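Asker: got a sequence here, can you build the structure:
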Amino acid sequence: MFNYPGRSNDFRELAHKLFVVAVDLNTSESVIFGADGYEHVPISKAVQASSALPGLYPPVAIDGHYYVDGALRKTLHASAALDAGANLVLCINPLVPFDANFAVDEHGNPKPGVHNLVEGGLPVVLSQTFRTIIHSRMQVGMANYKSQYPQADIVLFEPNLDDSKMFFTNVFSFSNRNRVCEHAYQRPAKNSTITAIN
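Answerer: Below you'll find the predicted structure:
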């Protein structure tokens, strides 16, 4: 994929800055691949490290350190772009908690298997818990960005809390990527949550 004309696996060869954030497992510190001191790391390796969600994927070894998903430290690392001078940052968060109160059919009756999440067993309970923690942390982070970077515009795109298709689809599964993309494309903007800061 990186051999196509105009593509590169090297941060230093890109026309524009690209930052990929991961966390050093041994120090719990965020690392910004593509920034000074980390631009030598191949982009594909940085993305692998940034996607290494503990429990699903093993930590990724780079230069004698082990890295995991950047969300371990902070849910949204928009500050990497903002500190580099960006004045418009677009953010995408596919992981929002699900509000089962909205899970009704066209007659207003509760949808079976969706209205009470505990019926989905431990995987559904853990998914709701993880998404709630992530979303809560992101809301705090977005409020902080508003005060720390008043000159910048930050736009967050995420599914609505009633989007059962996004909740019950494993967004970490490579085989679901086409279905998730098509679902996101088909959702009109009026049915999606778009939050603008500033």
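Asker: output the longest helix belonging to this protein.
Answerer: helix 122-148 (DSSP state H).
Asker: tell me the buried residues in that one?
Answerer: 124, 127, 128, 131, 134, 135, 138, 141, 142, 145 (16 or more other Cβ atoms under 10 Å). C-beta coordinates here come from the backbone N, C-alpha and C atoms, glycine included.
Asker: same deal with stretch 151-163?
Answerer: Along stretch 151-163, these residues count as buried under the neighbour rule (16+ other Cβ under 10 Å): 152, 154, 156, 158, 159, 161, 162, 163.
Asker: kindly export it (C-alpha atoms) in PDB.
Answerer: Coordinates of the C-alpha atoms in stretch 151-163 are reproduced here as PDB (Å, rounded to 0.1, in the frame of the first residue of the first chain):
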ATOM      1  CA  GLN A 151      -8.400  30.400  19.200                       C
ATOM      2  CA  ALA A 152      -9.000  27.000  17.700                       C
ATOM      3  CA  ASP A 153     -12.100  25.300  16.300                       C
ATOM      4  CA  ILE A 154     -12.600  21.600  17.300                       C
ATOM      5  CA  VAL A 155     -15.400  19.600  15.700                       C
ATOM      6  CA  LEU A 156     -16.300  16.200  17.100                       C
ATOM      7  CA  PHE A 157     -18.300  13.700  15.100                       C
ATOM      8  CA  GLU A 158     -19.800  10.700  16.900                       C
ATOM      9  CA  PRO A 159     -22.900   8.400  16.700                       C
ATOM     10  CA  ASN A 160     -26.000   9.300  18.600                       C
ATOM     11  CA  LEU A 161     -26.700   7.500  21.900                       C
ATOM     12  CA  ASP A 162     -29.600   5.600  20.200                       C
ATOM     13  CA  ASP A 163     -27.500   4.100  17.400                       C
END
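Asker: excluding covalently adjacent residues, which one is nearest to residue 94?
Answerer: Of all residues not flanking residue 94 in the chain, residue 171 sits nearest, at 5.1 Å (Cβ to Cβ, 6 or more residues apart in numbering).
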